[in-house]
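Q: Sequence and predicted structure, then a few things I'm wondering about:
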Amino acid sequence: MSFDLDQYISQYSGLTKLKRLLFIVDNSKDLRQKALKRLLDELKQGKNTTLYKEVIEKYGKELGLSVDNDWISKVDDAAQTQQQRLETELNAHKTNLIKESIRMGHNELGDFHYDRGNLQEALKAYLRTRDYCTSSKHVIEMCLNVIRISIEMNNYALVHQYVTKAENTPDVSEGTDVIATTKVLASSALANLEGKKYKLVARKLLDCDALLNNSFNSVITCNDIAIYAGLTALATFERRELKEKVLDNNKFKAFLELEPEIGTIILNFYESKYTTCLEILDKLLPRLLLDIYVRDHVTSLYEKIRSKALVQYVSTFTSVDMNKMATVFNTTVDNLEKELAALIMDKQIKARIDSHKKILYARVTDQRNATYQKVLEFGDSFIRESEISILRMNINKQRDFVVKPNRKMAKQLMF
């Protein structure tokens, strides 16, 4: 599956665009040079001189480039002038006690520091708008600004905190602002992805609305939502859930249309076409390894998906020829045997392996005996409850029934 760097990176904006390019530079030999050139071009069009210097000092020799001090000086001077102007305007608004103007002034200062790559100062500026929010939309805007900066800083505790705050606003809790609600859901999913709560990630992203379009591409795109939701759902959902919450989810189909291979993978998995499913997953792997958020989770997700496929495959048979099964899962019989043994030890599969004949035998439950055991347990339970009920009835009939206190209590009553 070919990877079009220009098409991929053009989906993003802001600092995440630069960080994704830098991530590709560090993790792809084939795309390193192209990504590095594109990164430097993007940096030269912005105001983040600090990141520009870091990149040139680290990678400049590869392209025969040195630090452009004239450009840095020019951008820094212009930035200093802009910062002074913004701070002067903000002070004037504070003097005039105009709440909305003060809020906007802090936001503009936060945007300025964000463009400069000074995330700590940007966070401070956005947090200062809290006292000047006069509507639900203002609170959501403040929360999303703080969330965006916190994600860039990898401060996911703060992301969770402001996601909760945003969820408590009427526009999000009642779902009246669809785009804001989707942004909050996507942010929550990224925070939970960091915590490896894959099922929760899938649930959050499957509730997103494609009306989001490109309005949150400084954090995540609709294509990312399709990929992250598809993989986490495949790794954690049961077959019924895949059908109901993914394949039959009309709202999510708009996302799957952006990444049709994800839809194909899920459909093939649901239809038990494991060979095709795993082949497409393998082709998708190089791209996923270049994703700044998913890379650290790819191995775990792929293992979960493969284990689920193995469990589902053997669940329909009483005995399985491991030679045929190895062909289906594109592996050797020895490796398959190790995988199955691990699943048996983990109690995900109830079976035993005949290593000599290379056959897997399912441990079939004796239904007749199991039914007898259930009936006996039910009978014992019924007898016990009946005896308790009879005892209670007899006690109620005896009006003069008295429970004698024990000796300790008797002594205490005497004194």
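A: Happy to help now that I have it. Residues are numbered from 1 along each chain as shown.
Q: dump the residue contacts of the nearest residue to residue 6 once chain neighbours are set aside.
A: Leaving out its chain neighbours, the residue that sits closest to residue 6 by Cβ to Cβ, 6 or more residues apart in numbering is residue 38, at 7.4 Å. From N, CA and C alone the C-beta is placed, and that goes for glycine too. Contacts for residue 38 were tallied using Cβ atoms under 8 Å, 6 or more residues apart in numbering; they are 5, 6, 9, 21.
Q: and the third one, how many neighbours?
A: Think residue 9. 17 (other Cβ atoms under 10 Å).
Q: if I look at it, how far off is residue 291?
A: 12 Å (Cβ to Cβ, to the nearest Å).
Q: Listing request: residues of the stretch 301-415 of the chain with sub-threshold pLDDT.
A: Scanning the stretch 301-415 of the chain for pLDDT under 70 picks out 364-370, 372, 398-415.
Q: After the helix or strand containing residue 16, heading C-terminal, what element do we hit next?
A: Using DSSP states H and E, residue 16 maps to helix 14-27. Going down the chain from helix 14-27, the next helix or strand is helix 32-44, by DSSP H and E.
Q: just to revisit the earlier point, residues of the helix holding residue 16 that come out buried?
A: 14, 15, 16, 17, 18, 20, 21, 22, 23, 24, 25 (16 or more other Cβ atoms under 10 Å).
Q: From residue 208, how far off is the first one?
A: In other words, residue 14. In this view, residue 14 and residue 208 are 20 Å apart by Cβ to Cβ.
Q: give the contact list for residue 44.
A: Neighbours of residue 44 in contact, by Cβ under 8 Å, 6+ apart: 52, 68, 71.
Q: quick one: the first one and residue 43 touch, right?
A: Which is residue 52. Yes: Residue 52 is in contact with residue 43 according to Cβ atoms under 8 Å; the separation is 4.4 Å.
Q: correct me, but residue 269 touches residue 313?
A: No: using Cβ under 8 Å, residue 269 makes no contact with residue 313, being 11.0 Å away.
Q: between those two, who's got more neighbours?
A: Legend: neighbour count by other Cβ under 10 Å for residue 269 and residue 313, higher for residue 269 (24 against 17).
Q: Can you tell me the number of residues neighbouring residue 284?
A: 20.
Q: How about residue 128?
A: 18.
Q: That one should be in a strand, yeah?
A: No: applying DSSP: H, G, I helix; E, B strand; the rest coil, one finds residue 128 to be helix, outside a strand.
Q: Mind telling me what element the nearest residue to it once chain neighbours are set aside is part of?
A: What sits nearest to residue 128 in space, not counting adjacent residues and going by Cβ to Cβ, 6+ apart, is residue 106, at 4.7 Å. If you go by DSSP H and E, residue 106 is part of helix 99-116.
Q: Contacts for that helix next, please.
A: Contacts for helix 99-116 (Cβ under 8 Å, 6+ apart): 14-15, 46-50, 79, 82-83, 86-87, 89-90, 93-94, 119, 121-123, 125-126, 128-129, 132-134, 138, 141, 145, 149.
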